[in-house]
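Peer 1: Build me a structure from this.
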Amino acid sequence: MNKRSQTFDLVIIGGGLAGICAAISSARVGCHVALIQNRGVLGGNSSSEIRVWVGGASKHGINRYGRENGIMGELFVENQYRNPDGNPYLWDLLLLEKVRSEPNIDLYLNTEILQVAMQDNHLIKSVTGFVQGAETQLTFESNYFIDCTGDGVVAFNSGADFHLGREAQATFGECLAPQEADQKFLGSSLFFYTKDVGHPVKYVKPFFAKDITKTEIVKSRVIKKNDNGCAYWWIEWGGDHDIVHDNEKIRDELQAAVYGIWDYIKNSGQYDADNLTLEWVGSVVGKREYRRFLGDYVLRQQDIEEQTDFKDKVAFGGWSIDIHPSSGMYTKEAGTEDSVPDGLYHIPLRSLYSRNIHNLFLAGRDISVSHVAFGSTRVMATCAAGGQAAGLAAAFAFSHQIQAGDIYQNYLAEFQRLLLKEDAAVLGLGDPDPDDLVQSAEITASHTLEEINTYSQDSWRYPLKKPVAFIFPVNPRVHDVELMVDAENSGEIQVSFYQTGKGQNYIPKELLQKFTIPIAAQTHGWVTIPFDWTPQTPQNVFVKVSGNEQISLRVSPQEFQGVLSFINEPVGELKQPKLHHFVRMSPILEWTNQTFNRQNFIFRVRQTKAFDVSNLANGFIRPFSGPNMWVTSVKDQPEDILLKWNETKEIREIRLTLNDDLNEDLINLHHHRTEFAVMPELIKDFEVDYYAHGKWRTLTSISDNRNRHIVLRLPEAIKTKQLRVHVMATNGSNQFSLIEVRAYACAQVLRKEVSDHEGK
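Peer 2: Residues are numbered from 1 along each chain as shown. So this is what the prediction gives:
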């Protein structure tokens, strides 16, 4: 057997989305990284071997502005361009290419870690694995490790504190926990794909196929002949067993169920399925839950439902607390028990490292959360967001030569500024970087949008058969809101204005004012509602409009930055009692934007500073209590952002964060299809110029851009008193928009006192 050993700045075990994002994030800031995966493909549960769609904080579009930015967002947007039909093999290819394109990552596939060597019982010294099919043993040495294995193989073998099963209610005061602790889990799943081949195909079931008519499946689950893959998420079993040690038994049972379900579809006579055949059946089960390791904080039910604003927030989620019965598909219960927060919630840094193994970070399914909270944090895009945060935390610890817990104790503000600089998926955090030269610049724009007006000529009428609503940003004041109304006969409308509560929420929370407005017969135009409000800080306002079907509002088929419109229609999950039982409701389930996305009720507000150019330096990289971006209308001529300093600055790096509309829900596989290949809001063509020796000189000219976060590292520093971003075209939006501009005298991201590896 060949035996080799190598030393890295950081070793990451597990090549799912958490591990991928951890590896890319740490590599880009200068760490030499080993990424170790025990299978031949990357992606974990999202890979072509298992084919779970990548759910996240948007919860398939229920949460507004919920899509992850950062590396997970980069993967979503690039997959949308390359793979809009959700081919799982193209998703595999994208993940592999993203990892291989980072020169600081050494990728090891088909490498199963079997041993963990310790130093002083509180530090991992090395991990050793066997490369399948290569008769090779590899040892990876480092001072920092991240366990992204899902089951927590490395953390377990290092002696990290962990919990298995469900905690009792009394442990964390969680009402969704059982009265007594037990060893029950969320089960595992196995999926299948079908194909219409255009002619009859027979199916002879194997002898071990389950007769599902003798189970609860036919009564308590929804079987559709055209469903594929993760639409059958409820094919789940094993929660009453040991998920790891009984893995083979669980797989066999799930296979028997899959072939039995297919037999029922093909041969029961209940479906017109003659021309359907099996195209693919999974052989690797998708695990949901096993060990959860204990950090300095355990995220719990209340933190998700109450959206706890942690001092050390470093990532976010938004999926509901989604707890499945341990008996899975054979239960009479609904497929899930859902507790729905009012919007996105925060994940603290203290949940992303071990409390007793001081150089071990955690990302993915094994982070420090209770079983109940795990019902939300387990979804893959949330795991990925935590992975980027953990990867940057480990790189930060390496650069400072400190232990994992020291970041929270002594370096938190500095670390959170690194997260923002790297466009990590952190919410409600705006901390300008003192090293960013833009903070001392005068920022102006050729034009800025100073009125909210959603009018368009190709509008259509929407009768008020039921209430509708819209949201817009208020900064600093709103004085009168005008609605475009059509009415043949006289009547009245009721217009109510609400605060939305927390900055990440888009719901009617607290009533501010309510008006009854008479509408005259033959009204076809603007109607004024005398709403006057000056909040202490910028906020969104939720406007509810009701009336009768004889009165209509106008609808524009165009998106408008910072504005969302809703109809009072329950989301689809509320209509599936066999599959979903809601134990906590939220207005987001009743006010849906899913079927009304990229359309807006026509209204106008005359004066606003919500889109001011100063937003480019406010530290926020996501919508929060407003859009946090510069916006202006697309006209015939280009627009300019101008940065001016009183004295000459030496600049080596420029960073731009563009608007890729985080309200648009994207998916990696087949849950839904998004028509456009590139996000329309992204600036397509632009230049970055600097002023020197009496004229403007172009640093870079970019065409056909489809990226959100752009880092320009210059081969040589420039000296200038002025920078200009010259924007010429979008990818389809009627508005130019930009989130952030940064400039640095140094191209290094971290102080590198030990490593001299250069990041990409």
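
Peer 1: I'd guess residue 595 is in a helix, am I close?
Peer 2: Yes - when classified by DSSP: H, G, I helix; E, B strand; the rest coil, residue 595 is found to be part of a helix.

Peer 1: Thought residue 569 was touching it, still the case?
Peer 2: Yes - assessed by Cβ atoms under 8 Å, residue 595 is found in contact with residue 569 at 6.7 Å. Just so you know, the C-beta spots here come from the backbone N, C-alpha and C atoms, and that holds for glycine as well.

Peer 1: quick one, which of the two is more surrounded?
Peer 2: Higher neighbour count among residue 595 and residue 569: residue 569, with 18 against 12, using other Cβ atoms under 10 Å.

Peer 1: In space, what's closest to the more buried one - neighbours in sequence excluded?
Peer 2: In space, residue 569 comes closest to residue 592 once its chain neighbours are excluded; the distance is 5.1 Å by Cβ to Cβ, 6 or more residues apart in numbering.

Peer 1: can you check residue 153 too?
Peer 2: Excluding the flanking residues, the one nearest residue 153 by Cβ to Cβ, 6+ apart is residue 113, at 6.1 Å.

Peer 1: cool, residue 261 as well?
Peer 2: Counting by Cβ to Cβ, 6+ apart, the residue nearest residue 261 is residue 212, at 5.9 Å.

Peer 1: didn't residue 606 look like it was pressed against residue 477?
Peer 2: No - with contact taken as Cβ under 8 Å, residue 606 and residue 477 are classed as non-touching, separated by 10.6 Å.

Peer 1: hmm, back to that, neighbours around the residue nearest to residue 569, how many?
Peer 2: 18.

Peer 1: Equivalent analysis for residue 202, please.
Peer 2: For residue 202, the count of nearby residues is 8 (other Cβ under 10 Å).

Peer 1: rewinding a little: which residues does the residue nearest to residue 569 form a beta bridge with?
Peer 2: In this entry, residue 592 is beta-bridged to residue 567, by DSSP bridges.

Peer 1: do you know how far residue 552 is from residue 454?
Peer 2: Distance, residue 552 to residue 454, using Cβ to Cβ, to the nearest Å: 15 Å.

Peer 1: again, but for residue 526
Peer 2: Here residue 526 is placed at a distance of 12 Å from residue 454 (Cβ to Cβ).

Peer 1: What of residue 17?
Peer 2: Residue 17 is 36 Å from residue 454, by Cβ to Cβ.

Peer 1: swap in residue 42?
Peer 2: Using Cβ to Cβ, residue 42 is found at 42 Å from residue 454.

Peer 1: Going by neighbour count, list what's buried in the helix or strand containing residue 93.
Peer 2: In this assignment (DSSP states H and E), residue 93 forms part of helix 88-100. Within helix 88-100, the residues that count as buried by 16 or more other Cβ atoms under 10 Å are 88, 90, 91, 92, 93, 94, 95, 96, 98, 99.

Peer 1: One more: stretch 538-548?
Peer 2: Buried residues in stretch 538-548, counted by 16+ other Cβ under 10 Å: 538, 539, 540, 541, 542, 543, 544, 545, 546, 547.

Peer 1: Quick check on the fifth one: phi, psi?
Peer 2: When quoted as degrees, to the nearest 10, the phi and psi of residue 542 stand at phi -100, psi 120.

Peer 1: Can you lay out the buried residues of helix 88-100 as CSV showing pLDDT and distance to residue 71?
Peer 2: Formatted as CSV, the buried residues of helix 88-100 follow (pLDDT from 0 to 100; distance: Cβ to Cβ, whole Å):
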residue, pLDDT, distance to residue 71
88, 97, 20
90, 98, 18
91, 98, 15
92, 98, 17
93, 98, 17
94, 98, 12
95, 98, 11
96, 98, 15
98, 98, 8
99, 98, 11
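
Peer 1: of all those residues, which two lie farthest apart?
Peer 2: 88 and 99 (17.1 Å; Cβ to Cβ).

Peer 1: Not counting its neighbours along the chain, what's nearest residue 307?
Peer 2: By the measure of Cβ to Cβ, 6+ apart, the closest residue to residue 307 outside its immediate chain neighbours is residue 345, 4.6 Å from it.

Peer 1: what residues are up against the one you found?
Peer 2: 303, 304, 307, 308, 316, 317, 318, 376 (Cβ atoms under 8 Å, 6 or more residues apart in numbering).

Peer 1: Quick check: it vs residue 28, distance?
Peer 2: Shown here: residue 345 relative to residue 28, a distance of 27 Å by Cβ to Cβ.

Peer 1: can you pull the pLDDT of the closest residue to residue 106 other than its chain neighbours?
Peer 2: Of all residues not flanking residue 106 in the chain, residue 34 sits nearest, at 5.1 Å (Cβ to Cβ, 6+ apart). Here the pLDDT value assigned to residue 34 is 98.

Peer 1: does residue 34 really touch residue 10, like I thought?
Peer 2: Yes - Residue 34 lies in contact with residue 10 (Cβ under 8 Å); the separation is 7.5 Å.
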